[in-house]
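>>> Would you be able to build a 3D model of this:
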Amino acid sequence: MAELLRDPSKIAKAQQEISSTIGRDSPLEEADIVRLPYLQAVVKETLRLHPPAPLLVPHKAVSGVKIDDFVVPKDAQVLVNAWAIGRDPTIWTDPNNFSPERFLNSEIDYKGRDFELIPFGSGRRSCPGLPLAHRMVHLIVGLLVQSFDWKLENGMKPEDLDMEEEPGFTLTKATGVRAVPTNRLQF
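Below is the predicted model:
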């Protein structure tokens, strides 16, 4: 939501997609998510920029392997930095910019097949909560976007939002963002 609030045109685009696909008279349901490509792109872009945990679950090399000019010895503990992968300029154009449009008409997904976007890990060490997170994040963000118009508190301007994160086991906002629903949209 903070990334959407930072760019009112993107939240308006998400509201328009939901309104034109679902209608203004019925609330978003889980089954509707597959028909909302922009909402799906918003979630993918958010997970690219702000993975739930910056470092994935540690892995252990079962045998030595050479990757380019680097040797990972047998039994080495390997930590994957999902945060750095999501901001790698060799993979992403303008990597620090929130741009859900990069995922429209793209097959890249965060379910572990595409290693340029692995906020939940991959393979046997992937997050067991991924199926629940996939459903709930789309549904909650979609309902918040569909149900309310939003404004920032105390006259704050969208461009003044501080999106810097504090490092830790999970990344947290250094300063809180407070948004207020300005009116309830009717179903």
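>>> When you work out contacts or count neighbours from here on, use the C-alpha atoms and nothing else.
Will do.
>>> At which residues are the strands of the chain located?
Assigned by DSSP state E, the strands in the chain fall at 59-60, 65-67, 70-72, 77-78, 148-152, 165-166, 172-173, 179-184.
>>> can you redo these as TSV with mean neighbour count and mean pLDDT?
Shown next, in TSV, are the strands of the chain (neighbours: other C-alpha atoms under 10 Å; pLDDT from 0 to 100):
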stretch	mean neighbour count	mean pLDDT
strand 59-60	13	88
strand 65-67	10	91
strand 70-72	11	93
strand 77-78	12	92
strand 148-152	17	86
strand 165-166	12	71
strand 172-173	14	58
strand 179-184	12	76
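>>> Give me the helix or strand of the protein that scores worst on average pLDDT.
Scoring the helices and strands of the chain by mean pLDDT, DSSP states H and E places strand 172-173 at the bottom, with a mean of 58.
>>> Show me where the chain dips below the pLDDT cut-off.
For the chain, the stretches flagged by pLDDT under 70 are 166-177, 184-187.
>>> and if we set it to 90?
1-2, 23-27, 52-54, 57-59, 67-68, 111-113, 122-126, 147-187 (pLDDT under 90).
>>> Do a quick rundown of the helices in it.
Counting by DSSP state H, the chain has helices at residues 2-6, 8-22, 37-49, 82-86, 130-147.
>>> which residues are contacting the fourth one?
Just to be clear, that refers to helix 82-86. Helix 82-86 is contacted from outside by 48-51, 53-56, 91-92, 95, 116-119, using C-alpha atoms under 8 Å, 6 or more residues apart in numbering.
>>> Let's see if you can find the most crowded of those.
Sorting these by how many neighbours each has (other C-alpha atoms under 10 Å) puts residue 119 first, at 29 neighbours.
>>> residue contacts, it?
47-48, 51-54, 56, 82-83, 110 are the contacts of residue 119 under C-alpha under 8 Å, 6+ apart.
>>> and of the residues you listed, the nearest to residue 62?
Nearest to residue 62 among the contacts of residue 119, counting by C-alpha to C-alpha, is residue 56 at 17.6 Å.
>>> Touching, the closest one and residue 122? I think so.
No. Using C-alpha atoms under 8 Å, residue 56 is not in contact with residue 122, being 9.2 Å away.
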